[in-house]
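*Asks:* next come a sequence and a model predicted from it.
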Amino acid sequence: NDGLKAEYYVVFDPAQEVSASNPPFLRDQFMGCAGNTPNVICPSDPRLQNSLAKEWFEFLPQPTSSGPLNNYLAPPTPSGFLNSDTTAFTIKVDEYVGDKDHLSFSLYYRDIAPTLFSALPDPISINTLAYLKIWMFRANHDHTFGPNLLNHVTLGYNNASYYGGGIDGPFAADLPQIPGVASHRFPPAIYFDAGIQGFGSASGFAQEQPWPAPAYIANDMLTWAKGRNTFVFGGEYRNLQNTFHSFSGEPGLFEFTQPGTGLYWLNSGSPIASFLLERVNWASSTFRSTNDVYGRADSFVGYFGDTFKATPKLTLNFGLRWEMHRPYAEKWDRFSFFDPQTPNPGAGGRLGALVFAGTGPGKFGARRPEKTWTRGFGPRLGLAYAVRPRMVVRTGYGIFYDMANPPGWVSGIAQDGFNTSPVFDS
């Protein structure tokens with residue numbers, strides 16, 4: 001073989017552009033150094049000599065079987081999310097203090113070790129290095145004021161911190177640093193069409209990309225038994241946080257396709273030949289003014305209820321619950337969104353423009369696009385009737401409210417105008 005032979009592909013020289021200035025829209029087929037070996041790129045071709053592609057090919061593993069295609073069987077990769085060893089422990093404490101106070105605490109921790117499975121050698125791996133740390137804490141206090149008056153307080157904390165990045169992250173110095181991208185701190189990602197596996201993840205470092213999602217809750221409930229009534233009064237506060245850190249995409253994403261060395265009206269070309277000749281189909285890089293999203297939301301709840309023993313057989317329940325859920329905002333107001341009522345200076349003042357959260361010049365005037373709804377009153381009605389000593393019929397009615405699930409993984413917070421990922425097509 002006197003050069004690179006593109007098996008099973010008819011490969012054409014992209015130096016002859018396919019355009020209206022080149023009728024009849026043809027390219028010359030590669031024919032090797034001597035001009036008699038179809039689909040072979042001569043190794044003395046300066047484009048091949050200067051190609052950066054060979055620096056990725058140096059890390060390719062040895063084939064596990066013969067033939068030019070489908071000749072490598074990757075090591076088995078366990079299926080499932082974070083499929084690795086786990087360490088976990090739980091601590092519980094329960095203590096009575098005198099005859100009026102009861103304290104209890106619980107702590108749960110779970111550490112899921114990093115996933116390190118890779119189908120390709122680490123410098124060109126497409127796989128993710130990921131691990132998870134979970135903390136859960138509960139504290140309860142019951143205080144008895146008297147034989148018919150009890151107060152219960154609960155404090156809670158949850159946090160599932162996910163860490164994710166590319167296994168290839170530490171190998172930036174071993175691969176080319178392509179000019180014009182946002183960062184060279186970790187390797188770029190190379191994509192191919194025609195079902196051919198690419199190289200790299202462009203996903204950053206797991207330890208620098210934590211994704212903590214702590215939640216705090218405080219609840220207080222007072223129970224008062226008086227005659228045939230048992231009254232409950234209570235309130236609750238929840239604070240939800242979702243903090244996302246990402247450097248993904250900054251070193252660039254580059255795709256190489258068959259048409260780069262083919263003819264559009266013919267099933268031809270090779271993405272590998274396009275890669276060797278540096279004929280990029282499209283490329284993108286993410287440019288950020290911030291790598292962080294600090295999503296913040298909270299809820300306020302108040303409730304009242306009465307369990308009334310109408311007769312020895314009939315029990316009635318009445319209650320009213322109020323909830324107010326404030327939608328997600330970004331801690332530092334690095335949040336942009338579309339407002340259909342804002343005049344757009346770039347469209348002749350027509351309504352509808354990109355706006356930025358916060359107050360002051362050039363800002364939307366509020367921290368979030370939604371208005372907080374404050375009329376979440378939910379009645380509760382219930383009935384229990386003892387038909388026989390061992391048979392009770394129960395029925396109930398209620399209106400319930402909850403916080404809407406925000407779209408996407410980052411609390412529904414977009415950062416257009418702060419960050420951008422331009423795509424360039426060839």
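*Replies:* Cool, the structure landed.
*Asks:* dig out what Gln241 forms beta bridges with.
*Replies:* Arg296 (DSSP bridges).
*Asks:* would you agree it is in contact with Gly295?
*Replies:* Yes - with contacts counted by Cβ atoms under 8 Å, Gln241 reaches Gly295, the gap being 6.7 Å. Where you see a C-beta, it was placed from the backbone N, CA and C, and this is true even at glycine.
*Asks:* and these two? Which one has more around it.
*Replies:* Gly295 (21 against 18; other Cβ atoms under 10 Å).
*Asks:* I figured the more buried one hits Glu330, correct?
*Replies:* Yes - counting by Cβ under 8 Å, Gly295 does reach Glu330; the two are 6.5 Å apart.
*Asks:* quick check: pLDDT value at Asn70.
*Replies:* pLDDT recorded at Asn70 is 80.
*Asks:* if you skip the residues just before and after it, what's nearest to Val40?
*Replies:* Gly32 (3.7 Å; Cβ to Cβ, 6 or more residues apart in numbering).
*Asks:* C-alpha coordinates for the helix ranked longest in the chain, CSV please?
*Replies:* With DSSP state H setting the assignment, residue counts place helix 271-276 as the longest helix in the chain. What follows is helix 271-276 as a C-alpha-only set of coordinates in CSV (Å, rounded to 0.1, in the frame of the first residue of the first chain):
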residue,chain,number,x,y,z
PRO,A,271,-15.0,10.9,7.4
ILE,A,272,-11.6,9.6,8.3
ALA,A,273,-10.2,11.0,5.0
SER,A,274,-11.8,14.3,5.8
PHE,A,275,-10.2,14.2,9.2
LEU,A,276,-6.8,13.5,7.8
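*Asks:* list the helices and strands that helix packs on?
*Replies:* Packing partners of helix 271-276 (3 or more Cβ pairs under 8 Å, 6 or more residues apart in numbering; DSSP states H and E): strand 189-192, strand 253-256.
*Asks:* on the three-state scheme, Tyr328 is what?
*Replies:* At Tyr328 the chain is in strand, as set by DSSP: H, G, I helix; E, B strand; the rest coil.
*Asks:* count of neighbours near it?
*Replies:* Using other Cβ under 10 Å, Tyr328 has 24 other residues around it.
*Asks:* next: Asn291.
*Replies:* The burial count for Asn291: 16, using other Cβ under 10 Å.
*Asks:* now, of the helices and strands packed on helix 271-276, which is deepest in the fold?
*Replies:* Mean neighbour count (mean count of other Cβ atoms under 10 Å) peaks for strand 253-256 among those, with a mean of 25.
*Asks:* pLDDT on that strand, on average?
*Replies:* Confidence for strand 253-256, expressed as mean pLDDT, is 98.
*Asks:* show me where the stretch 301-426 of the chain has strands.
*Replies:* All strands of the stretch 301-426 of the chain, identified by DSSP state E, counting those that start in this stretch, fall at 314-330, 336-344, 350-356, 376-388, 391-398, 419-420, 423-425.
*Asks:* the nearest residue to Met221 once chain neighbours are set aside pairs with what?
*Replies:* Among residues not flanking Met221 along the chain, Gly234 sits closest, at 3.7 Å (Cβ to Cβ, 6+ apart). Counting by DSSP bridges, Gly234 forms beta bridges with Met221, Tyr303.
*Asks:* let's see the pLDDT reported for Gly234.
*Replies:* Gly234 is assigned a predicted lDDT (pLDDT) of 98.
*Asks:* could you do Ile196 as well?
*Replies:* Ile196 is assigned 89 on the pLDDT scale.
*Asks:* right, and it touches Phe275 too?
*Replies:* No - the criterion here is Cβ under 8 Å, and Ile196 misses it with Phe275 at 9.4 Å.
*Asks:* out of the two, which sits in the more crowded spot?
*Replies:* Per other Cβ under 10 Å, whichever of Ile196 and Phe275 has more neighbours is Phe275, with 28 against 15.
*Asks:* what sits against the more buried one?
*Replies:* Contact partners of Phe275, counting by Cβ atoms under 8 Å, 6 or more residues apart in numbering, are 53, 190, 192, 256.
*Asks:* burial check on the residue nearest to Val40, number of neighbours?
*Replies:* The burial count for Gly32: 18, using other Cβ under 10 Å.
*Asks:* for it, grab phi and psi.
*Replies:* The phi and psi values for Gly32, taken as degrees, to the nearest 10, are phi 80, psi 180.
*Asks:* per-residue pLDDT, it?
*Replies:* 92.
*Asks:* thinking it is in contact with Cys42, fair?
*Replies:* Yes - assessed by Cβ under 8 Å, Gly32 is found in contact with Cys42 at 5.8 Å.
*Asks:* coming back round to it: okay, the contacts of Phe275 in a markdown table with distance to Pro121 next?
*Replies:* Putting the contacts of Phe275 into a markdown table (distance: Cβ to Cβ, whole Å) gives the following:
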| residue | distance to Pro121 |
| --- | --- |
| Ala53 | 16 |
| Ile190 | 14 |
| Phe192 | 17 |
| Phe256 | 20 |
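*Asks:* tell me the two of those that are most distant?
*Replies:* Maximum pairwise distance among these (Cβ to Cβ): 11.1 Å, between Ala53 and Phe192.
*Asks:* roughly how far is the longest helix of the chain from the heart of the chain?
*Replies:* Centroid separation for helix 271-276 versus its chain: 32 Å, with Cα atoms, centre = their mean, to the nearest Å.
*Asks:* for stretch 58-67, same thing?
*Replies:* Centroid separation for stretch 58-67 versus its chain: 34 Å, with Cα atoms, centre = their mean.
*Asks:* likewise stretch 69-87?
*Replies:* 21 Å.
*Asks:* ok, residues contacting it?
*Replies:* So stretch 69-87 is in contact with 7-8, 61, 63-65, 110-120, 127, 130-132, going by Cβ under 8 Å, 6+ apart.
*Asks:* where along the stretch 1-150 of the chain do the helices fall?
*Replies:* Assigned helices in the stretch 1-150 of the chain, in chain order: 46-49, 54-57 (criterion: DSSP state H, counting those that start in this stretch).
*Asks:* highest mean neighbour count out of those helices?
*Replies:* Counting by mean count of other Cβ under 10 Å, helix 54-57 has the highest mean neighbour count of the helices of the stretch 1-150 of the chain, with a mean of 15.
*Asks:* where in this structure is pLDDT low?
*Replies:* Across the chain, the ranges flagged by pLDDT under 70 are 1-8, 17-25, 78-82.
*Asks:* go with 80
*Replies:* Low-confidence segments of the chain, defined by pLDDT under 80: 1-9, 16-26, 68-69, 76-83, 264-265, 405-409.
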